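In: pasting the structure only:
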DNA sequence: CTCCCGGGTAACTGGTTGGTTACTTTGCGC
DNA sequence: GCGCAAAGTAACCAACCAGTTACCCGGGAG
């Protein structure tokens, strides 16, 4: 094992400088990977963007693929963290549901890098994600919130019965993810810009309409 | 220009053998590109898969990127061709709509290579597609069918009014595309196989429910 | 039969790329 | 203020890869 494994004193925390370099490398890798994909990304370019050196990249992460996984885990963790701040328990079911849909759409639109990362990882059949200790254990707070809201709405008679929470969760992700992911080909085919704030607002409203329309009893 | 441009006798059609080689190269390229992406695909590997030689690949297509575009155009053409066979004019609006949703889902599930191709092209901001003379002019028969069905259903009072056909079209694509595209990461996170025929049937039914549920007046 | 050319092969090239090695600088404990 | 490990630099390397060049083969026209 290279000197990536600190051997100094048990698990001595990285010095502030080393930690900063590590973070800059992660940030640079996120940009490069999401712009060029895993195969298209260049290790030298990541090091250069981070204002660091390739040697440091390998000292911290060991390999291009390990760096990829670290970036992916950080991206998942960031999304899960934001999901955790969603407070929908106090809202009436329809408003709570609307909030979940809007949150998801806006998060996706604001983070196209995450979308690119996911697409790329799926091209690789999730081989890296499967090896991750963290991510599979990182259960989505949004899915849990969705299940709770669904149960409340059903009990109150304002939502249809028998809705599969996982399927609905996937659909809510889908209406935002697909739009952001395929924005360029869609814009080319429709000959219209889908990335303006106005277009995003239209799409967001549509996503809410579809989900709440479907959920009517 | 290399000898890719036949100069023999005006536009003498490719000989049968040459045409067969070209087709084998296209087929091999579709497999390689959809498995590895544009950057990850290897030109030598494509030639080998096709039982041909790199020289022939360059004679027929000129460059890796031109081959990519040719593959992409063929994939779009194949989908548009199948869409053209959709006969929904004679069906009542709800059944017609259901057929559109089911067709789209099944086509997407049966053609994950097309999904991979689209994702990859979007990573490249649709730069190749924009250069294509064909694709932007290849208006989707399914979108046209959708508009007609929507108008009929609205007039008959069985669909809600004011539905944006393009938004709905994107959503119908989305519920299938996202599921197929992100199948591996989703399966990893949910710890369940989403690619079995049973799982596909559940998803298909959900897609129909969402769209028809939303469209109720 | 033989000339000729479209279709095909294989070896080569030069720039790139992930990863490594030998060496220098920085800063903290003593 | 010094010793030494952690942090950083730059040059290097072997494998790889898109694209090219020099050459060969088979079959149809004359």
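Out: Perfect, I can see it now. Note that this is a predicted model, so its numbers are computed, not measured.
In: tell me which element residue A:69 is part of?
Out: Assigned by DSSP states H and E, residue A:69 falls within helix A:64-84.
In: is that helix anywhere near DNA strand C?
Out: Yes. Judged by CB under 7 Å from any atom of the strand, helix A:64-84 and DNA strand C are in contact via A:64-65. From N, CA and C alone the C-beta is placed, and that goes for glycine too.
In: Report the buried residues of the helix or strand following that helix.
Out: Counting by DSSP H and E, the next helix or strand C-terminal to helix A:64-84 is helix A:93-110. Going by neighbour count (16 or more other CB atoms under 10 Å in any protein chain shown), the buried part of helix A:93-110 is A:93-94, A:96-101, A:103-105, A:107-109.
In: Next, format the residues you listed as JSON lines and append pLDDT.
Out: As requested, the buried residues of helix A:93-110 are arranged in JSON lines below (pLDDT from 0 to 100):
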{"residue": "A:93", "pLDDT": "97"}
{"residue": "A:94", "pLDDT": "97"}
{"residue": "A:96", "pLDDT": "97"}
{"residue": "A:97", "pLDDT": "98"}
{"residue": "A:98", "pLDDT": "98"}
{"residue": "A:99", "pLDDT": "97"}
{"residue": "A:100", "pLDDT": "97"}
{"residue": "A:101", "pLDDT": "98"}
{"residue": "A:103", "pLDDT": "97"}
{"residue": "A:104", "pLDDT": "97"}
{"residue": "A:105", "pLDDT": "98"}
{"residue": "A:107", "pLDDT": "98"}
{"residue": "A:108", "pLDDT": "98"}
{"residue": "A:109", "pLDDT": "98"}
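In: farthest pair in those residues?
Out: A:93 and A:109 (24.6 Å; CB to CB).
In: Which pLDDT value goes with residue A:135?
Out: Residue A:135 is assigned 83 on the pLDDT scale.
In: neighbours of it, just the number please.
Out: Neighbours of residue A:135 under the rule other CB atoms under 10 Å in any protein chain shown: 22.
In: circling back: which strands and helices sit next to the helix holding residue A:69?
Out: helix A:16-40, helix A:54-61, helix A:93-110, helix A:112-123, helix A:127-131, helix A:141-155 (3 or more CB pairs under 8 Å, 6 or more residues apart in numbering or on different chains; DSSP states H and E).
In: between the ones you listed, which gets nearest to residue B:174?
Out: Nearest to residue B:174, of all these, is helix A:93-110, at 11.4 Å by CB to CB.
In: quick one, domains of chain A?
Out: A:1-62, A:72-215 (automatic domain parsing).
In: now the helix holding residue A:69, how far from the centre of its chain.
Out: 8 Å (CA atoms, centre = their mean, to the nearest Å).
In: buried residues in it?
Out: For helix A:64-84, by 16+ other CB under 10 Å, it's A:64, A:67-76, A:79-80, A:83.
In: ok, now stretch A:171-187?
Out: Result for stretch A:171-187 [16+ other CB under 10 Å]: buried residues A:171-187.
In: Helix, strand, or coil at residue A:205?
Out: Three-state assignment for residue A:205 (DSSP: H, G, I helix; E, B strand; the rest coil): helix.
In: hang on, the earlier thing: the inter-axis angle of the helix holding residue A:69 versus helix A:93-110?
Out: For helix A:64-84 against helix A:93-110, the angle by axes from the mean of the first three to the mean of the last three CA atoms, to 10 degrees is 150 degrees.
In: Report the contact partners of the residue most central in space within chain A.
Out: By CA atoms, centre = their mean, chain A has its centre lying nearest to residue A:114, at 4.4 Å. If you count contacts by CB atoms under 8 Å, 6 or more residues apart in numbering or on different chains, residue A:114 has them with A:34, A:75, A:78-79, A:108.
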